[in-house]
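Visitor: Predicted model and sequence below, questions to follow.
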Amino acid sequence: MKCQKCSKPATFHITELTGGKPQELHLCEDHAREYLTSSSESGEPDGPVSMAAVLAQQMAQQMVVGRTAEELSQLDKQSCPVCGMTFYEFRSHGRLGCPHDYVCFQQQLDPLIMNIHGKNEHVGKSPRRCSTGSANRTELIRLRREMKGAIDKEDYERASELRDKIKQTESEQ
Amino acid sequence: MKLDDLAQKNGEWLRGGGPEADIVISSRIRLARNLADFPFVSRATARDRTQIEQAIRQCTLDIVAEGDLLYVNVEQIEGVDRQFLVERHLISREHAESQGARAVAIDPREKFSLMINEEDHLRIQVMQSGLNLESVWEQINRIDDIIEEKVTYAFHERLGYLTACPTNVGTGMRVSVMLHLPALVITRQIDKVFRSLQKISLAVRGLYGEGSQATGDFYQISNQVTLGNSEQELIQQIGNIVPEIIDYERQARQFLVKESRENLHDQVSRAYGILRTARTISSEETMHLLSSVRMGVNLGLIDDLDIPAINDMFIHTQPAHLQKLSGAELNTADRDIERAEYLRRHLN
């Protein structure tokens, strides 16, 4: 496939998600760089900055560069075992579903976080109490979701088991 | 205490005191926190939201010894009351406009507020008049500690406090200083200042935060980066840059006084004149004129007004405030008349 702006081969396949409809772009390296630089400086440089817009821009630049549509669609289908959110949902809304998403989408999120913050390790305050207990508690999110699923399916026996398990987990904290 | 009681007065952060209060309106810090055992708000079920709300509400009882926080169920109040809280900087526009169980706990002197089920489960904010970031941090850190005694926050060893949006992860902290910079606007130097701020990853926003226009020459300077720097470093970064901006603004004011005193005095006096006599006036024009008058008071060109009174007017002439104060629902045209009446009453 040729670059949409010149005759060189298109090595960058960009799906622009910041506009109304997703727009596919196929560009050579030079034009991709030009496109990405100009889009990061577009809009009103001195206007108010929306964090969501910043995020969307970062995502569009970094997630989709160099990926084929097929790779992207595989990636989009990945979902969090705790809250059930797919990567596509995150990519569309810019909001994560639960604390565990940071663990299960780590590979995709780390470069994004690096882009936004320039660093990827927290320094500063940490909770004095249970700073390591946080991960264990995400189990409760998964259990409650499973219980809701069981109720929706009218599997009340399973729901009741899960309710007991939730109560037990809550009391263990 | 009720919501209507707030309308009659103004928050502590608008009293016009504290260091550099001629230029710095307020110092504000907010912390984003989430409970470890619930999905983030956008993914939470109605039941989750209610449970989150109850858990955090319980914690708020411990923050103030006498327990007299004003607790407002944002889901149940009317649109004009939600707008009122936004104008007051006690909740965000997102919090006002979203759906489902959500609340805000407000300190009666409006020194702090806690938004529950906004983008994150909990957003704590502390505000003070003038440039006082250290003291704001001490207070918010204390509130955060009290709440953390009762709940388990979502926290990751490497990434810090986990937030619904990766732009807030780490400290979850946004430090904002609101500045009044009319002379930099008049002398057209404001763009230069912004460009240099953006180069060092600081954001500039209008009076009402994200996405709002800088009306009345008010600008909020805040950090974009929340991960990889400690709270102290983030405060220091803003704390170091703000005095430089204050200095530019002062120089620009002195330049105007020296080079075009008559023109400046004329602009200030005309603004004052319109505000005292107009029969109908828009919110935008009011903000614009009040900005000139505020600078005029600071430069000694107007001597029968004080800064706290003007700060009040900026907020009390906003649409929802006018309606709360007059006790009636007003359309745009009626609000413009009511606003002019309010200004004549307070300026003559």
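Guide: Perfect, I can see it now. Numbering: from 1, shown residues only, chains lettered A, B, ... in the order given.
Visitor: Do stretch B:248-261 and chain A come into contact?
Guide: No - on the criterion C-beta under 8 Å from any C-beta of the partner chain, stretch B:248-261 is out of touch with chain A, staying 15.6 Å away. Bear in mind the C-beta positions are built from the backbone N, C-alpha and C, glycine included.
Visitor: Return the set of buried residues in that stretch.
Guide: B:248-249, B:252-253, B:256 (16 or more other C-beta atoms under 10 Å in any protein chain shown).
Visitor: Just list whatever residues bridge to the residue nearest to residue B:132 when sequence neighbours are not counted.
Guide: Using C-beta to C-beta, 6 or more residues apart in numbering or on different chains and skipping the chain neighbours, the partner closest in space to residue B:132 is residue B:27 (4.8 Å). Assessed by DSSP bridges, residue B:27 has beta-bridge partners residue B:128, residue B:177.
Visitor: Run a quick neighbour tally on residue B:27.
Guide: 29 (other C-beta atoms under 10 Å in any protein chain shown).
Visitor: any idea how far it is from chain A?
Guide: 19 Å (C-beta to the nearest C-beta, to the nearest Å).
Visitor: Show me where the chain has its helices.
Guide: Because you didn't say which chain, this covers chain A. A:29-41, A:51-64, A:69-77, A:87-93, A:101-104, A:106-117, A:134-152, A:156-172 (DSSP state H).
Visitor: Let me rephrase: I mean chain B.
Guide: B:3-8, B:46-60, B:79-87, B:93-97, B:133-148, B:182-186, B:190-199, B:231-277, B:283-298, B:307-316, B:319-326, B:332-347.
Visitor: how about low-confidence regions in chain A?
Guide: A:1, A:10-26, A:28-30, A:32-67, A:129-133, A:173 (pLDDT under 70).
Visitor: how's it carved up into domains?
Guide: A:12-63, A:67-117, A:134-172 (automatic domain parsing).
Visitor: The last one: end-to-end distance?
Guide: The stretch domain A:134-172 measures 13 Å between its terminal residues, going by C-alpha to C-alpha, to the nearest Å.
Visitor: Do I have it right that the residue nearest to residue B:132 meets residue B:138?
Guide: No - using C-beta atoms under 8 Å, residue B:27 is not in contact with residue B:138, being 11.9 Å away.
Visitor: what number of residues lie near residue 128?
Guide: I'll assume chain A. Residue A:128 has 9 nearby residues by other C-beta under 10 Å.
Visitor: Switch to chain B, please.
Guide: By other C-beta under 10 Å, neighbour count at residue B:128 equals 23.
Visitor: Run through the residues that contact it.
Guide: Going by C-beta atoms under 8 Å, 6 or more residues apart in numbering or on different chains, residue B:128 touches B:12-13, B:18, B:26-28, B:111, B:135-136.
Visitor: between those, which has the most around it?
Guide: residue B:27 (29 neighbours).
Visitor: Next up, the contacts around that residue.
Guide: B:18, B:127-128, B:130-133, B:136, B:176-178.
Visitor: List the buried residues for stretch B:257-277?
Guide: Buried residues in stretch B:257-277 (16+ other C-beta under 10 Å): B:264-265, B:267-268, B:271-272, B:274-275.
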